[in-house]
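Q: need a 3D model of the sequence below.
(4 chains)
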2 protein chains.
Amino acid sequence: MEAAAKPRQAAKGRGRRGTRASGDDRERAILETAEQLLEERPLSEISVDDLAKGAGISRPTFYFYFPSKDAVVLTIIDRLVAAAAGSRAEALTTLAQGDPQAGLRRALEDLYGAFRARRAVTLAAAELRMTNPEARDLWAEVMEGWVTDTTAVIEAERARGAAPPGEPARDVAIALVQMNERVQYASFAGESPALDQDRVLDVLVEIWLRAIYGAGAPS
Amino acid sequence: MEAAAKPRQAAKGRGRRGTRASGDDRERAILETAEQLLEERPLSEISVDDLAKGAGISRPTFYFYFPSKDAVVLTIIDRLVAAAAGSRAEALTTLAQGDPQAGLRRALEDLYGAFRARRAVTLAAAELRMTNPEARDLWAEVMEGWVTDTTAVIEAERARGAAPPGEPARDVAIALVQMNERVQYASFAGESPALDQDRVLDVLVEIWLRAIYGAGAPS
DNA sequence: GAACTCTATCAACACTGTGTCGAGTCCGTC
DNA sequence: GACGGACTCGACACAGTGTTGATAGAGTTC
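A: Below you'll find the model as predicted:
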């Protein structure tokens, strides 16, 4: 009886737990504090107490608004993801009509821009993904979206004869999308072997174009 | 004088802190326990107590052998890195003489094999890299090694006219190496959009060859 | 305007995990 | 047989998480 008695389920149900009222300010204050602190240091070095203090409340009161630190960050990531989804929809439109190569570049540019604009959140997402299943799932969804789109583009280009055949389109898409993720992350995080922020796009675009349009290699 | 009196430096100086004696067994037991537990669950869900228990000692005794949990994992990663360095040296030899394209495939194969053989450690390394500077540096060194080698190959192939010009060789090398890392990680971790373990190599090799040897794309 | 309810708040607590200290035991050697 | 170093662990101090229960205040509702 003892063990099952506790309905422990931290990080379930992202937002406030009760109904809605005036304390919206507090909730916003917590989110803003989190974003601001993430600008300064990694997620692992931010405690619930830091968030509470930043929002001008006590630690227990924090738990009135969010079930955990992770939930706060997840909420923030949700927004980033929503913004990125917007970029993706837009990019798709550009791609559908007109020159696919130029469209591809536009798409990669938008995506890169969306994440660079919220660098700190992007890095926190990567960190959270390591330990939090919800973050992992959310990110997986995002990746899946891009992979699906990219697969469609590759298949279309192959079908119309603009791109040569090769490994399955979806497999290539997965590798390219993951390359972008990693390269962008390394660049944002200032890792040691990493591309300069303003070189990222040129390099990624060249590899994408060659991977999709370039024939094998007749030495 | 006081401050310097304590040679306290958690996670600094990987192995035992004292001299060497019989307790080598314990040290080995801790390392083996760690490897074994990493096979079952992520690093974040393994405590110092788990390691101590697994090695048949108490928690304080653990600290006689290692300054922290991280230090244990770092030691394990060191070994993986050493093995990978071996693969790299071998791959270089293959590359230097004979067909570079076949050599490239061999190199990627060896690398992939080295990490797949120690999947759990590879995943732990990625996890630790998020929070531990030492792990970050160690990994950075490894990456730098591959980037340097790859850069040399690309430049050589361009010089001898086998590969067309393009973005700076080092930039391309960074992107490709990071792609490999991310694709392999996703595959090992069983992420949702990820390549099947036995598709990884074919896909990576195709993209490498096209990125290096494939011309742009004259639609 | 007293009783009722619902939001919001926090002190105090229980728990988990880390790292340290000090008091040992055991063992070889001088 | 006592000294010193390798080795061990109980007990502690600390940091962080999440919960409980008591309470204050701001509207209703009758």
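Q: where in chain A is pLDDT low?
A: Low-confidence segments of chain A (pLDDT under 70): A:1-13, A:15-23, A:216-219.
Q: from it, which residue is nearest to chain B?
A: residue A:214 (2.4 Å; CB to the nearest CB). The C-beta positions use only the backbone N, C-alpha and C, and glycine is treated the same way.
Q: for that residue, give its distance to residue A:162.
A: In this view, residue A:214 and residue A:162 are 12 Å apart by CB to CB, to the nearest Å.
Q: among these two, which residue is more densely surrounded?
A: Taking other CB atoms under 10 Å in any protein chain shown, residue A:214 and residue A:162 do not tie; residue A:214 has more neighbours (25 against 14).
Q: could you check how far the closest residue in space to that one that isn't next to it in sequence is from DNA strand C?
A: Leaving aside its chain neighbours, residue A:214 sits nearest to residue B:214 (2.4 Å; criterion: CB to CB, 6 or more residues apart in numbering or on different chains). From residue B:214 across to DNA strand C, the span is 48 Å (CB to the nearest atom of the strand, to the nearest Å).
Q: likewise residue A:125?
A: In terms of CB to the nearest atom of the strand, residue A:125 sits 24 Å off from DNA strand C.
Q: same check on residue A:42?
A: Distance, residue A:42 to DNA strand C, by CB to the nearest atom of the strand: 16 Å.
Q: how many residues are close by that residue?
A: Quick note: residue A:42 (other CB under 10 Å) scores 15 neighbours.
Q: how far off centre is stretch A:178-189?
A: 11 Å (CA atoms, centre = their mean, to the nearest Å).
Q: check whether it contacts chain B.
A: Yes - judged by CB under 8 Å from any CB of the partner chain, stretch A:178-189 comes into contact with chain B through A:178-179, A:181-183, A:186.
Q: in helices, which of these appear?
A: Using DSSP state H, the subset of those located in helices is A:178-179, A:181-183, A:186.
Q: any chance you could map the helices in chain A?
A: A:2-5, A:24-40, A:48-54, A:59-65, A:69-96, A:100-116, A:119-131, A:133-159, A:169-189, A:200-213.
Q: okay, those in JSON lines with distance to DNA strand D next?
A: Below are the helices of chain A laid out as JSON lines (distance: least, CB to the nearest atom of the strand, whole Å):
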{"stretch": "helix A:2-5", "distance to DNA strand D": "9"}
{"stretch": "helix A:24-40", "distance to DNA strand D": "12"}
{"stretch": "helix A:48-54", "distance to DNA strand D": "4"}
{"stretch": "helix A:59-65", "distance to DNA strand D": "4"}
{"stretch": "helix A:69-96", "distance to DNA strand D": "5"}
{"stretch": "helix A:100-116", "distance to DNA strand D": "26"}
{"stretch": "helix A:119-131", "distance to DNA strand D": "11"}
{"stretch": "helix A:133-159", "distance to DNA strand D": "12"}
{"stretch": "helix A:169-189", "distance to DNA strand D": "22"}
{"stretch": "helix A:200-213", "distance to DNA strand D": "33"}
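Q: gap between the nearest residue to residue A:27 once chain neighbours are set aside and residue A:72?
A: Excluding its sequence neighbours, the residue lying closest to residue A:27 (CB to CB, 6+ apart) is residue A:65, at 5.1 Å. Between residue A:65 and residue A:72 the computed distance is 9 Å (CB to CB).
Q: what touches both of those two?
A: residue A:30 (CB atoms under 8 Å, 6 or more residues apart in numbering or on different chains).
Q: and the closest residue to residue A:86 other than its chain neighbours, how many neighbours does it have?
A: Distances taken as CB to CB, 6+ apart put residue A:114 closest to residue A:86, at 8.0 Å, once the chain neighbours are dropped. By the criterion of other CB under 10 Å, residue A:114 has 18 neighbours.
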